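A.B. asks: Model the following, please.
(chains A and B)
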Amino acid sequence: MTCVILVLVPLSALAQRGTGPSSPDFSGSWERFRGGPGQSREFIPPQAPQPPLKPQFLKEWQAKNQAAREADAKGTPLATNATLCLPEGMPAMMGATFPIEFLQSKGQVTVIEEAFTQVRRILLDQPQKAVDDVEPGFYGRSVGHWEGDVLLVDTIGVKENVRYQNVPHSADMKIRERIHLVSPDILWDEITIEDPATLEKPWAYTVAYRRMPGYQLLEYICEDNREFADENGLQKIRIGPTEK
Amino acid sequence: MKLATRAWQAGLFLFFVAVPAFAHHSFAMYDHSRTITLKGSVTKFQWTNPHAYIELDVMEKGAVKHYSLECTSINMMQRAGWRSNILKFGDQVKAVVSPLNSGQPGGLLLELTLPNGKVMEPGVPAANTFTRTPEK
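C.D. replies: The predicted structure is shown next:
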């Protein structure tokens, strides 16, 4: 009897209000967790490996990164999607550069990233479509289901020009996620990217988040972007007096 | 020696900045090796995303020179205590700025002293990689 209670107490602490009979509650605001002074190292995920790209894609990726580094060192950075104020899309938005929010409702888990007000819908307990039946987008189509305390998510249909860390991928890329609490206030998203066309093997890495009690996500609209790409693909900025 | 120092600073800069630069705007168009200190009059506080801007008129050699100062996102600034009404037209401020490499009259705001003496930082990522030049 004593043993049963010892097992049940920690599980019940994790399984707070959710939408399933026992699904844990991810609702609320979270910030990226990378540890820090006084923080336990226990919940800091291992460092992400380099993407295991096939040789021809690896060469192209490294060359682009090198060009970006050289342009930065010269003080003339290359324009990127960020220069154009485009949202990050999947899986980059799960990197939570700005805080993220999870909303759990019947049949759906919604993830909002504060930067660019990015919204991602994870449809629960629905079959995934064939990739040809999904119109490519920034977030793709995500379906998920609970396995115990773990939310398993499968995403397809991410546009080829929507890239995480500049890593190329094909239209057939699949993103698998295992989202689960590792402590009451630390959430892990174990991400595995599968894309046999560009990767030698799946690329797996984990990001961690810490609860931000009481934090409400702020509005983010690219209202006036003064950075732009010039005719040489370099990042420039519009300066000078504006209307008073 | 100076070249070696600059190279070391560039390496340090890349170490801290290379990964975040993938995700958001690069600040590499600003000179990381020096700062300028501007004292002037606010003509506009542009409170918008992706980044806020402070427009500043500065008296230099008997004439007004206008500077555009890039800040960070208004989300980061709000988390650091800024508000849209913290500055108004005509406010006299002191700004520590990393100047544009291009030589244009603009820069990245690192630190702002408000008329009431309060010092605000906009939360530039890896702000410690910008070498500060003592105020003249």
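
A.B. asks: any idea of the mean pLDDT in stretch A:166-186?
C.D. replies: Averaged across stretch A:166-186, pLDDT comes to 96.

A.B. asks: scratch that, stretch A:116-133 is what I was asking about
C.D. replies: 98.

A.B. asks: ok, and for that stretch, which residues are buried?
C.D. replies: A:116-118, A:120, A:122-124, A:128, A:131 (16 or more other CB atoms under 10 Å in any protein chain shown). Using the backbone N, CA and C atoms, a C-beta is placed for each residue, glycine as well.

A.B. asks: how long is it end to end?
C.D. replies: 27 Å (CA to CA, to the nearest Å).

A.B. asks: what about it, distance to the chain center?
C.D. replies: How far stretch A:116-133 lies from its chain's middle: 14 Å, per CA atoms, centre = their mean, to the nearest Å.

A.B. asks: Could you pick out which of the buried residues of stretch A:116-133 are located in helices?
C.D. replies: Of the buried residues of stretch A:116-133, none are assigned to helices by DSSP state H.

A.B. asks: Let's have those in a markdown table, adding distance to residue B:100.
C.D. replies: Shown next, in a markdown table, are those (distance: CB to CB, whole Å):
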| residue | distance to residue B:100 |
| --- | --- |
| A:116 | 25 |
| A:117 | 29 |
| A:118 | 30 |
| A:120 | 36 |
| A:122 | 43 |
| A:123 | 47 |
| A:124 | 49 |
| A:128 | 48 |
| A:131 | 45 |
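
A.B. asks: list the contacts for residue A:203?
C.D. replies: A:49, A:51-52, A:167, A:192-193 (CB atoms under 8 Å, 6 or more residues apart in numbering or on different chains).

A.B. asks: run the last query once more with 6 Å
C.D. replies: A:51-52, A:193 (CB atoms under 6 Å, 6 or more residues apart in numbering or on different chains).

A.B. asks: May I have the beta-bridge partners of it?
C.D. replies: residue A:193 (DSSP bridges).

A.B. asks: how about the closest residue in space to residue A:45 that isn't next to it in sequence, phi and psi?
C.D. replies: Nearest non-adjacent residue to residue A:45, counting by CB to CB, 6 or more residues apart in numbering or on different chains: residue A:206, 3.6 Å away. Dihedral pair for residue A:206: phi -130, psi 140, per degrees, to the nearest 10.

A.B. asks: Find the centremost residue of chain B, please.
C.D. replies: Nearest residue to the geometric centre of chain B (CA atoms, centre = their mean): residue B:109, 1.3 Å.

A.B. asks: Which strand or helix spans that one?
C.D. replies: strand B:106-113 (DSSP states H and E).

A.B. asks: Off-centre distance for that strand?
C.D. replies: 3 Å.

A.B. asks: At which residues are the helices of chain B located?
C.D. replies: Using DSSP H, helices in chain B cover B:2-23, B:74-79.

A.B. asks: Go through the ones you listed and find the least confident stretch.
C.D. replies: helix B:2-23 (a mean of 42).
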